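> Could you look at this predicted model? Sequence included:
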Amino acid sequence: MPHQHLQDKAFLLLLTVVTIAFGAILWQFHGAVFWGVILAILFAPLHRKLLKRMPRRPTLAALCTLGLCLVVVILPMAAITVSLIQEATAIYERVRSGQINFGLYLQQVIAALPTWAVNLLDRLQLTSVSELQQKLSSFAVQASQFVATQALSIGQNTLEFIVSFGIMLYLLFFLLRDGASLAKRIGHATPLEEAHKRQLVGKFTTVIRATVKGNIVVAASQGALGGMIFWILGIQGPVLWGVLMAFLSLLPAVGAGLIWVPVAIYFLATGAVWQGVVLTAFGVFVIGLVDNILRPVLVGKDTKMPDYIVLISTLGGMALFGLTGFVIGPVIAALFMASWDLFAPSAETDAPALLHNPE
């Protein structure tokens, strides 16, 4: 018995070490692996339908699913990225050359304010035009420089990007083709009861699908609508501002408004009344309602998590893991809640026995 106990400890130590080592090897391409797994989960229902039509051709079914994924998701993202790089670089050059001067725009807004508003801002020490101009201009230059630098880094790291992209597609193909058998092997190796494993896996896949589909649909809708209204109103860089609104829409309630509200204020303050009114009405009643209507339906309904948990886990996940955190955060929150739900009945069952026999 002592010898067997020692062997068990040695085996667990070996299992832990090789798992950590394997994770360290994969970490270099963790983004490619992560999105390969996410896309495999999202497109698994479609792959199963194709597999029913060609049950003896799993490789062909996986290739067809991969092709549809390329057409529906990856090629549109590539086209948007190219346009984003062009517009971000152009706007950065205009800001650096002085053609776009955010400090001047701020001065025009302050000059158009009524006297009582200016006095209120004076008491709050917010109308030092020179200081505000300097800070705003500095922030604008840094922000546009950051966007342009990040966009240009994609081109500079072309080889790394191509390798990661190739790994993602390669992994996605095999996960689609062999994902079911791989999931069974992982399930057999997991030391939990079958009912618990089914509940956790079901929760995991449901949250991933709901979070990714819901947030992406909301972000794409708000970004497309925001870019469209900016294009109609003749604002420079509609694709860039639309993409920024899409990213910021991951922050519920206030996200896209961080872009269109200042523009609407500038229009109203500088006499472009109809543009300001149109942008304000469109932002409140169209862009805003997309978030208020679609997000609870697509995210909260399927995940069966309270809205405040979805919000906090999304923000915390993005703060900790970056952009991919909008998926990782809610998934961790859902697994946390599901694990405690599994623990609670067993704890209640064990409680009477502990009361009668505390030792």
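All right, it came through fine. Numbering: from 1, shown residues only.
> Output the below-cut-off pLDDT ranges for the stretch 51-200 of the chain.
Scanning the stretch 51-200 of the chain for pLDDT under 70 picks out 92, 94-95, 98-158.
> how many other residues sit next to residue 256?
Here the number of neighbours of residue 256 (other Cβ atoms under 10 Å) works out to 30. C-beta: built from backbone N, CA, C; applies to glycine.
> so which strand or helix has the closest residue to it other than its chain neighbours?
In this structure, residue 256 finds its nearest non-sequential neighbour in residue 245, 4.1 Å apart by Cβ to Cβ, 6 or more residues apart in numbering. When elements are assigned from DSSP states H and E, residue 245 belongs to helix 238-248.
> How far off centre is that helix?
Helix 238-248 sits 13 Å away from the centroid of its parent chain (Cα atoms, centre = their mean, to the nearest Å).
> That one packs against which elements?
If you count contacts as 3 or more Cβ pairs under 8 Å, 6 or more residues apart in numbering; DSSP states H and E, helix 238-248 packs onto helix 75-97, helix 194-232, helix 257-269.
> mind putting the ones you listed in TSV, distance to residue 52 and mean neighbour count included?
Listed next are the helices and strands packed on helix 238-248 as TSV, based on distance: least, Cβ to Cβ, whole Å; neighbours: other Cβ atoms under 10 Å:
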stretch	distance to residue 52	mean neighbour count
helix 75-97	26	16
helix 194-232	19	19
helix 257-269	45	19
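> can you redo those helices as TSV with distance to residue 25?
Shown next, in TSV, are the helices and strands packed on helix 238-248 (distance: least, Cβ to Cβ, whole Å):
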stretch	distance to residue 25
helix 75-97	27
helix 194-232	23
helix 257-269	39
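> Residue 21: which of those is closest?
Between residue 21 and the helices and strands packed on helix 238-248, the tightest spacing by Cβ to Cβ is seen for helix 194-232, at 24.5 Å.
> what angle separates that closest one from helix 238-248?
150 degrees (axes from the mean of the first three to the mean of the last three Cα atoms, to 10 degrees).
> how about the helices and strands packed on helix 238-248, which one is nearest residue 15?
helix 194-232 (18.5 Å).
> by contact count, what packs against the closest one?
In terms of contacts (3+ Cβ pairs under 8 Å, 6+ apart), helix 194-232 is packed against helix 30-53, helix 158-189, helix 238-248, helix 257-269, helix 273-282, helix 288-295, helix 301-303, helix 325-356.
> and the angle for it with helix 288-295?
Using the same axes, to 10 degrees: helix 194-232 against helix 288-295 is 160 degrees.
> Look up how far residue 292 lies from the spatially closest residue to residue 290 that is not a sequence neighbour.
Excluding the flanking residues, the one nearest residue 290 by Cβ to Cβ, 6+ apart is residue 221, at 4.8 Å. Residue 221 sits 12 Å away from residue 292, going by Cβ to Cβ, to the nearest Å.
> same thing with residue 313?
For residue 313, the distance to residue 292 - Cβ to Cβ - is 19 Å.
> Can you pick out the residue with more neighbours from the two?
Neighbours around residue 313 and residue 292, counted as other Cβ under 10 Å, are more numerous at residue 313. The numbers are 25 against 11.
> Test my guess that the more buried one contacts residue 333.
Yes: between residue 313 and residue 333 there is a contact at 3.7 Å, judged by Cβ atoms under 8 Å.
> Minimum distance to residue 277: which of the helices and strands packed on helix 238-248 has it?
Of all these, helix 257-269 comes closest under Cβ to Cβ, at 7.6 Å.
> and that closest one, what other elements does it pack with?
Using 3+ Cβ pairs under 8 Å, 6+ apart: helix 257-269 touches helix 102-112, helix 194-232, helix 238-248, helix 273-282.
> mind checking the SS state of residue 55?
What DSSP: H, G, I helix; E, B strand; the rest coil gives for residue 55 is coil.
> okay, now it: neighbour count?
For residue 55, using other Cβ under 10 Å, the count is 8.
> and it, how far is that from residue 64?
14 Å.
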